[in-house]
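Trainee: Generate coordinates for the sequence data below:
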Amino acid sequence: EVQLVESGGGLVQAGGSLRLSCKASGFTFADYVIGWFRQAPGKEREGVSVIRNFDGDTYYADSVKGRFTISRDNAENTVYLQMNSLKSEDTAVYYCAANQGGTWYWGQGTQVTVSS
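Mentor: As a prediction, this is how the structure comes out:
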């Protein structure tokens, strides 16, 4: 069974930093593309960042480029999202997801709240 458990969310002041972690189990982590998504109140879920499995290539939404960094540790089955220079508009529930063959598997999410 695919399981993804996020951690590291919390309350931070604008301009601050947080590091989210996503611990995976139940599948061959190195075979999956991993992404971070977020959903703010009243808004649709949006993609934040993705890291590929076979070459480690990364993608970032324009809204977070230069501020967020995604990384993965295949030995620890963990993906990270380092978030710097946080803004109030980054407030959302952040979800980790794993993809193989077009199917996304989701974690339960972790709340990030940025106070201005």
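
Trainee: Could you use CA atoms for every contact and neighbour count after this?
Mentor: OK.

Trainee: who touches residue 29 in this structure?
Mentor: Residues near residue 29 by C-alpha atoms under 8 Å, 6 or more residues apart in numbering: 74, 77.

Trainee: Quick check: pLDDT value at it.
Mentor: Note for residue 29: predicted pLDDT of 91.

Trainee: And it, how far from residue 39?
Mentor: As judged by C-alpha to C-alpha, to the nearest Å, residue 29 and residue 39 stand 24 Å apart.

Trainee: Going by neighbour count, which residues in the helix or strand where residue 98 lies are buried?
Mentor: Applying DSSP states H and E as the criterion places residue 98 in strand 92-100. Judged by neighbour count (16 or more other C-alpha atoms under 10 Å), strand 92-100 contains these buried residues: 92-99.

Trainee: Distance from the chain centre to it, please.
Mentor: Using C-alpha atoms, centre = their mean, to the nearest Å, the distance from the centre of strand 92-100 to the centre of the chain it belongs to is 6 Å.

Trainee: Adjacent strands (with direction) for that strand?
Mentor: Using DSSP bridges, strand 92-100 pairs in its sheet with strand 33-39 (antiparallel), strand 103-106 (antiparallel), strand 110-115 (antiparallel).

Trainee: how about the helices in the protein?
Mentor: Using DSSP state H, the chain contains no helices.

Trainee: Work out which residue lies at the spatial centre of it.
Mentor: residue 36 (2.8 Å; C-alpha atoms, centre = their mean).

Trainee: pLDDT score for the closest residue to that one other than its chain neighbours?
Mentor: Closest residue to residue 36 apart from its sequence neighbours, by C-alpha to C-alpha, 6 or more residues apart in numbering: residue 96 at 4.7 Å. As predicted, residue 96 sits at a pLDDT of 97.
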